[in-house]
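Asks: could you look at this predicted model? Sequence included:
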Amino acid sequence: MKKLFSAIFIIASLLCVGKVQAQYNPDQGCIVDLASQDCLPNTILSAGPFLRIIPDARSGAMGDVGIGLSPDPNAMHFNAAKLAFTEQDMSLSATYTPWLRDLGLSDVYLAYLAGFKQIDELSTVGFGLRFFSLGDIDFTDDQGNSTGFGSPRELEFSVAYARKLSERFSTGLTAKYIYSNLASGQTVQGTDISAANAFAVDLSIHYKKPIELGSYSGDWTMGLTISDVGSKITYTNDQEKDFLPMNLGLGTAVRLNFDEFNQMTFALDINKLLLPTPVSPTMLDANDNEIPNPEFDTDGDNIGDYRQQSMFSALLGSFGDAQGGFSEELQEFNYSVGVEYWYDQQFAVRLGYYYENPLKGDRQFLTVGLGLKYNVFGLNLSYLVPTNNRRNPLDNTLRFSLLFDFQPAESY
């Protein structure tokens with residue numbers, strides 16, 4: 001099972017957004033199964049999908065929300081601009097996320113270390129280190145003969161600068177180096193596989209405003225981030241390069257203080273990959289005959305045009321390139337909602353829900369978790385509960401984060 005799943009993971013990463021082996025039906029506005037004519041999933045894929053794994057157990061317990069939540073070191077993943085509003089001088093966070101634990105794998109995991117340091121009242125710098133291990137793999141050829149052992153792994157290192165532009169508004173810039181080594185040294189159909197390298201940036205903004213709702217005080221926050229905007233990468237040193245998971249995220253949160261002991265936060269995130277929608281190589285004409293799709297390969301090189309776009313063309317065109325029109329574009333938005341309750345700033349209970357359209361990945365799950373905080377030390381736990389038949393890599397998995405605040409704050 002381990003070898004099988006790892007092989008599937010590597011093949012998917014190498015091929016990324018390959019051809020969809022089905023037909024596009026203009027009448028239904030979707031890609032359909034050749035036999036049943038039912039709409040098929042047309043998921044947007046990318047290289048480096050590990051960059052989109054939520055590395056924070058706090059957000060992992062709140063349906064993966066995080067763009068508008070109060071700042072902590074894990075803002076490096078969601079929205080670095082939040083760091084300008086931190087109340088700590090310095091903080092560190094370490095998260096361990098077992099991956100595919102439900103399949104009995106123990107050496108596949110995501111580890112994440114992040115931190116920040118306040119420079120002055122207006123500026124904060126942060127860093128993040130993400131390491132994704134796929135375990136030890138015995139590579140084999142088509143006949144099952146061993147071709148060597150490998151330890152596929154991926155890495156991201158990021159640094160960020162956040163600055164307040166006013167009492168309520170801040171902006172952030174994050175620079176990243178990305179390394180992906182899935183099958184370096186192997187040869188597939190005469191093609192040598194090598195490690196991939198890339199550089200990317202995140203751009204983010206954050207807004208925070210004090211509010212009063214009846215007799216309750218609190219604050220309203222909103223964030224916007226464009227992440228992983230960077231160079232296309234390849235594992236084969238050829239011209240078929242793949243996109244990083246460029247993403248647009250919008251998040252908001254409302255935090256209410258009911259009294260000096262009780263506090264609740266309600267949060268919502270909306271995300272969309274800024275990548276081309278895959279195009280089917282064939283389609284049905286008015287008489288239901290299969291014909292070549294004229295939108296698939298206009299230059300005749302047998303590679304889908306959507307894969308050959310530049311980074312900027314893909315980013316700007318990602319809101320209007322789906323064959324199914326605006327209705328399909330709406331299917332590409334993912335939604336997260338979460339609730340967090342704190343008692344006396346020491347004990348937290350969290351609940352969340354994540355939704356992705358069935359034709360665009362079909363990830364749908366509930367999340368629950370707890371948080372503990374004592375002086376400078378914090379511990380967060382989260383657990384995922386699927387709500388459909390789609391298997392999730394985090395099924396039956398407990399993940400946790402440790403936080404260290406080197407200057408205790410009045411509020412978390």
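Replies: Structure's in. What do you need?
Asks: so which residue is dead centre in the chain?
Replies: Arg52 (2.0 Å; C-alpha atoms, centre = their mean).
Asks: pLDDT score for it?
Replies: Looking at Arg52, its pLDDT reads 94.
Asks: does it touch Gly249 like I think?
Replies: No. Arg52 lies out of contact with Gly249 (C-beta atoms under 8 Å); the separation is 10.4 Å. From N, CA and C alone the C-beta is placed, and that goes for glycine too.
Asks: spit out the contact partners of the closest residue in space to Glu356 that isn't next to it in sequence.
Replies: In this structure, Glu356 finds its nearest non-sequential neighbour in Arg363, 4.2 Å apart by C-beta to C-beta, 6 or more residues apart in numbering. Counting by C-beta atoms under 8 Å, 6 or more residues apart in numbering, Arg363 makes contact with Asn334, Tyr354, Tyr355, Glu356, Arg390, Asn392.
Asks: quick check: phi and psi at the fourth one.
Replies: For Glu356, the backbone dihedrals are phi -130, psi 140 (criterion: degrees, to the nearest 10).
Asks: go on, the one 4 residues further on?
Replies: Backbone geometry at Lys360, expressed as degrees, to the nearest 10, gives phi -130, psi 20.
Asks: then Ala81?
Replies: phi -60, psi -20.
Asks: and the strand ranked longest in the chain, what does it pack onto?
Replies: The residue-count maximum for a strand in the chain (DSSP state E) belongs to strand 196-213. Judged by 3 or more C-beta pairs under 8 Å, 6 or more residues apart in numbering; DSSP states H and E, strand 196-213 is in contact with strand 169-181, strand 216-230.
Asks: sheet partners, orientation included, of the helix or strand hosting Phe266?
Replies: Using DSSP states H and E, Phe266 sits in strand 262-273. Under the criterion DSSP bridges, strand 262-273 sits next to strand 247-257 (antiparallel), strand 333-343 (antiparallel) in its sheet.
Asks: pipe the ones you listed into CSV and attach mean pLDDT per row.
Replies: CSV is the format used below for the strands paired with strand 262-273 (pLDDT from 0 to 100):
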stretch, mean pLDDT
strand 247-257, 96
strand 333-343, 97
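Asks: and Ile291, which of those strands is closest to it?
Replies: Comparing those by their distance to Ile291 (C-beta to C-beta), the top pick is strand 333-343, with 31.2 Å.
Asks: so which bits of that closest one are buried?
Replies: Phe333, Asn334, Tyr335, Ser336, Val337, Gly338, Val339, Glu340, Trp342 (16 or more other C-beta atoms under 10 Å).
Asks: repeat that for stretch 286-301.
Replies: Under 16+ other C-beta under 10 Å, the buried positions of stretch 286-301 are Asn293, Glu295, Phe296, Asp297.
Asks: before we move on, the earlier item: which single one of the buried residues of strand 333-343 is nearest to Gly185?
Replies: Nearest member of the buried residues of strand 333-343 to Gly185, counting by C-beta to C-beta, is Asn334, at 35.8 Å.
Asks: do I have it right that the closest one meets Glu356?
Replies: Yes. Between Asn334 and Glu356 a contact is recorded at 4.8 Å, counting by C-beta under 8 Å.
Asks: mind listing what Pro26 touches?
Replies: Pro26 sits in contact with Met283, Leu284, where contact means C-beta under 8 Å, 6+ apart.
Asks: and the gap between it and Ser151?
Replies: Per C-beta to C-beta, to the nearest Å, Pro26 is found 47 Å from Ser151.
Asks: one more: Asp219?
Replies: As judged by C-beta to C-beta, Asp219 and Ser151 stand 45 Å apart.
Asks: more neighbours: the two, which one.
Replies: Comparing Asp219 with Ser151 by other C-beta atoms under 10 Å, the one with more neighbours is Asp219, at 18 against 12.
Asks: and the pLDDT for the more buried one?
Replies: Note for Asp219: predicted pLDDT of 95.
Asks: kindly state the beta-bridge partners for it.
Replies: With DSSP bridges as the criterion, the beta-bridge partners of Asp219 are Pro210, Arg255.
Asks: per-residue pLDDT, the residue nearest to Glu356?
Replies: Note for Arg363: predicted pLDDT of 91.
Asks: go on, Gln263?
Replies: 95.
Asks: that one and Gln331, how far apart?
Replies: Applying C-beta to C-beta to Gln263 and Gln331 gives a distance of 36 Å.
Asks: identify each buried residue in the helix or strand hosting Leu379, please.
Replies: If you go by DSSP H and E, Leu379 is part of strand 377-386. By 16+ other C-beta under 10 Å, the buried positions in strand 377-386 come out as Gly378, Asn380, Leu381, Ser382, Tyr383, Leu384.
Asks: could you give the average pLDDT over it?
Replies: 92.
Asks: likewise for stretch 280-294?
Replies: Here stretch 280-294 scores 75 as its mean pLDDT.
Asks: okay, now it: how far is its last residue from its first?
Replies: End-to-end distance of stretch 280-294: 10 Å, with C-alpha to C-alpha, to the nearest Å as the criterion.
Asks: any stretches of this structure with poor pLDDT?
Replies: The chain contains residues with pLDDT under 70 at 1-23, 27-28, 30, 33-37, 188-190, 237-239, 285, 407-412.
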